[in-house]
Every structure is written in structure tokens, then in C-alpha cells.
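In: Predicted model, plus sequence, below.
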Amino acid sequence: MSQATQGGAASPQDVQSQTRGGPTAVQQAEGARRPASDQLASAEAALEQARSYDRAGQEAQCMDAIARAKQLAR
């Protein structure tokens, strides 16, 4: 079926998912990445957490949060 639709929506649910920026059912089954906006929000949250740790003087936790943000930004 993937060849027939070439990654496009194959059901009403797929259309709704793609309209919201999400993957189709086939893309989900194949392990599609989260939409970029979700990843960006997660990276920003990790950076804010790093800032909080930095203000509290918790260097190790700060560096861990920065590493998470970098991973999410890829």
C-alpha cells in the first residue's frame, strides 16, 4: 500500500494527522520522527531546564539538560 500512496494519506485519519503536521499510519509504523515543531518545543524546554539548573548552581544537571537539548535539536 505504501507504494500506491507514496507516503500520502490513505485514510481519513491519515488526512487529519497530516493536517496537524503528523505522520501517516504507515510512517508511524516505519518509525517516523516527531514533527519538527514538537522537537523544537522539547529542545526549548530542555534549555529552560538547563537555565534553571544553572541558576541553582547544579552544573552536572545543567550539562545533562544541555546535552538533551542538543540531541533534540538534531
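Out: On my side now, so go ahead. If you're wondering where the values come from, they're calculated on a predicted model, not measured in any experiment.

In: Could you list the domains of the protein?
Out: Split into domains by automatic domain parsing, the chain comes to 1-32, 34-74.

In: Pick out the shakiest of these, pLDDT-wise.
Out: With a mean of 62, domain 1-32 has the lowest mean pLDDT of the domains of the chain.

In: Next, G57: secondary structure please.
Out: coil (DSSP: H, G, I helix; E, B strand; the rest coil).

In: How many residues are close by it?
Out: Applying other C-beta atoms under 10 Å, we find 8 residues neighbouring G57. Where you see a C-beta, it was placed from the backbone N, CA and C, and this is true even at glycine.

In: likewise the one 5 residues further on?
Out: Using other C-beta under 10 Å, C62 has 18 neighbouring residues.

In: Check Q39 too.
Out: Neighbours of Q39 (other C-beta under 10 Å): 15.

In: Give the closest residue to it in space, chain neighbours not counted.
Out: L72 (5.4 Å; C-beta to C-beta, 6 or more residues apart in numbering).

In: contacting residues around the one you found?
Out: Residues near L72 by C-beta atoms under 8 Å, 6 or more residues apart in numbering: 39, 42-43, 46.
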